[in-house]
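**Q** quick one, fold the following:
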Amino acid sequence: MKKIPVFLALSFLVQSIAFPQWQVQNAKLPDTAIAGPFSTIGENICWSAWTTTFTGSSPILNGYVRTTDGGNTWKWDTIPGTRDGSMYWIEAMDANTAFVAVENYYTPNVAGIFKTTDGGGTWKKHPVAFSNSSSGPGYVHFFDSKNGVAVGEVNQNDTTATCFEIYTTADTGATWSRVLASKIPSVYFKKGSVNEFLDPTSVGSCGDCVWLQSLAGLGHEPRIYRTTDMGHNWSVLDPGFINPDSGSFLDEHKLGVAYQNEDTGFVIGFSGSSSVLKKTSDGGTTWDSVPMPLDVHEFDINYVPGTEGTYVIAGDNNFYGNGFFHGSAYTPDGGATWKKIDDGNYVFLKFVSPNVGWSSHWGSSSIYKFTGALTAVSTSASAPNRYSLEQNFPNPFNPSTTISYQLAGNSHVTLRVYDILGREVATLVDENKSAGAYQAKFDGSGCASGVYFYRLEAGSFSSVKKFVLMK
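**A** Numbers count the residues shown, from 1 in each chain. Here you go, the predicted structure:
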């Protein structure tokens, strides 16, 4: 076990980018498809949900696309039982297992949580969760190998419903339990009708936390729904964007959300033809405005894992026919400075590491891969002021990798590794430690290739991350 010195008088942060570029992938999706949010396992495994919902084609088709070799080859297909539904989210567990959330659209009773365990060859809809829902789930997320959450809009088949419909699972989706309405804030209503909707395309997640944005109708502010305990209790955050009581429903409603840890994150909103960027350092209780980079107009943002504070932002001029948003840029220092990457059109950003990211284009079926180098080397100046668990490096790894974590106070610390079934594989740390920054090494020589999870517990702090052993 190695403890990193914390007594240095100065702090140095070196950030660089080498030949960054977005490269179009040869996924060969249907021409009317738009690839949605991406879900990744390491740098080589990437899943995306695609839909024809937004291209005006009929019938509406929904499907998945997947690569297991970093984009060299792709496999795609439709998902049976989802026709004329609307699908915005996919959650990958490994190269073979994934979940999708499907909402009703043209056809009722399509909605539900679908799961594959054979790389997309077959899909099975859960028979209970969202079975009587008017809309169904728009978002599904897993915190570790067993615990997950699924979120849908207000079930308007239930005349007494006042909040989003949310389920949790503790057994990898075998069973789902409805979260009590008393644990979820009420949505906006206007003249007796629901005036707040779920936008699953912009979500921040870290550890046991999720930050999920809502779309607000005229006269109400878009909000962020937050859970810090794997979906069992929810609160709302107000980042301070205001919808006018008249005009277009699209005026300043879209929020892009990204978090690097439980405290620090960004939100992007837009109004008319301008973007507004805000940052929080307390989990979303308070927000401060951050200057946007010149000549870049964005509505999407994503944190780059493995960095101290690198975020990428991007926009797409086809989004809602706006014709204004475009370009991509990144900040190496938590928003203090920005560097432009290009003038392209990108949505649904998903960065895996400083070297690899994914996105798509709202106006076509294109998928893009970011190649280049967003690198960070840092030395801390003082003892940490927060608890955190960082993404291991390298990832994927063979046979060993390093896990870094920080302690804000004296704590009894455990750091354990689990397999995809939740079985403990190794205990790396189980002892009392003082405040500071630490590293632990995991050697997977005796383990089979696959997805694993590591969990840090220190006092009341708990955080889980995925990593991939690839032999």
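**Q** tell me how many other residues crowd the closest residue to residue 410 other than its chain neighbours.
**A** Leaving aside its chain neighbours, residue 410 sits nearest to residue 434 (5.1 Å; criterion: CB to CB, 6 or more residues apart in numbering). Bear in mind the C-beta positions are built from the backbone N, C-alpha and C, glycine included. Neighbourhood size, residue 434 [other CB atoms under 10 Å]: 11.
**Q** and stretch 193-212, what's its mean pLDDT?
**A** When pLDDT is averaged over stretch 193-212, the result is 86.
**Q** could you do stretch 158-172 as well?
**A** This predicted structure assigns stretch 158-172 an average pLDDT of 95.
**Q** then stretch 415-433?
**A** Rounded mean pLDDT across stretch 415-433 is 91.
**Q** buried residues, that stretch. List them.
**A** Of the residues in stretch 415-433, 415-420, 425-426, 428-429, 433 count as buried by neighbour count, 16 or more other CB atoms under 10 Å.
**Q** point out where the stretch 201-350 of the chain drops to low pLDDT.
**A** Low-confidence segments of the stretch 201-350 of the chain (pLDDT under 70): 218, 242-254, 270-274, 293-298, 317-325.
**Q** ok, back up a step: do I have it right that the residue nearest to residue 410 meets residue 406?
**A** No - here residue 434 does not reach residue 406: they are 11.8 Å apart, not a contact under CB atoms under 8 Å.
**Q** okay, now the domains of this protein?
**A** 10-376, 383-469 (automatic domain parsing).
**Q** what's the most buried one of these?
**A** Greatest average neighbour count among these goes to domain 10-376 (a mean of 19), per mean count of other CB atoms under 10 Å.
**Q** in a helix, that's where residue 301 is, yeah?
**A** No - read with DSSP: H, G, I helix; E, B strand; the rest coil, residue 301 is strand and lies in no helix.
**Q** quick one, what contacts it?
**A** Counting by CB atoms under 8 Å, 6 or more residues apart in numbering, residue 301 makes contact with 256-258, 266-268, 277, 311-314, 349.
**Q** show me which of those residues is closest to residue 194.
**A** Nearest to residue 194 among the contacts of residue 301: residue 257, at 21.5 Å, using CB to CB.
**Q** and the closest one, how far from residue 426?
**A** Look at residue 257 and residue 426: by CB to CB, to the nearest Å, they are 33 Å apart.
**Q** could you do residue 374 as well?
**A** Residue 374 sits 30 Å away from residue 426, going by CB to CB.
**Q** equivalent analysis for residue 215, please.
**A** As judged by CB to CB, residue 215 and residue 426 stand 44 Å apart.
**Q** repeat for residue 309
**A** The gap separating residue 309 from residue 426 is 30 Å, by CB to CB.
**Q** with just CA atoms, put stretch 428-440 into PDB.
**A** What follows is stretch 428-440, C-alpha atoms only, in PDB (Å, rounded to 0.1, in the frame of the first residue of the first chain):
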ATOM      1  CA  LEU A 428      -7.500  -4.600  -0.800                       C
ATOM      2  CA  VAL A 429      -7.900  -2.400   2.300                       C
ATOM      3  CA  ASP A 430      -9.500  -3.100   5.700                       C
ATOM      4  CA  GLU A 431      -8.000  -0.800   8.300                       C
ATOM      5  CA  ASN A 432      -8.100   2.600  10.000                       C
ATOM      6  CA  LYS A 433      -6.500   5.400   8.000                       C
ATOM      7  CA  SER A 434      -5.900   9.100   8.500                       C
ATOM      8  CA  ALA A 435      -6.900  11.900   6.000                       C
ATOM      9  CA  GLY A 436      -4.900  11.800   2.800                       C
ATOM     10  CA  ALA A 437      -4.600  10.500  -0.700                       C
ATOM     11  CA  TYR A 438      -3.900   6.700  -1.200                       C
ATOM     12  CA  GLN A 439      -3.400   4.100  -3.900                       C
ATOM     13  CA  ALA A 440      -4.100   0.400  -3.800                       C
END
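**Q** widest-spaced pair of the buried residues of stretch 415-433?
**A** Farthest pair in those, by CB to CB: 420 and 433, 28.5 Å.
**Q** quick one: the strands in the stretch 51-200 of the chain?
**A** Counting by DSSP state E, counting those that start in this stretch, the stretch 51-200 of the chain has these strands, from start to end: 62-67, 75-78, 85-92, 98-104, 112-116, 124-125, 137-142, 148-154, 164-169, 177-178, 189-190, 193-194, 196-206.
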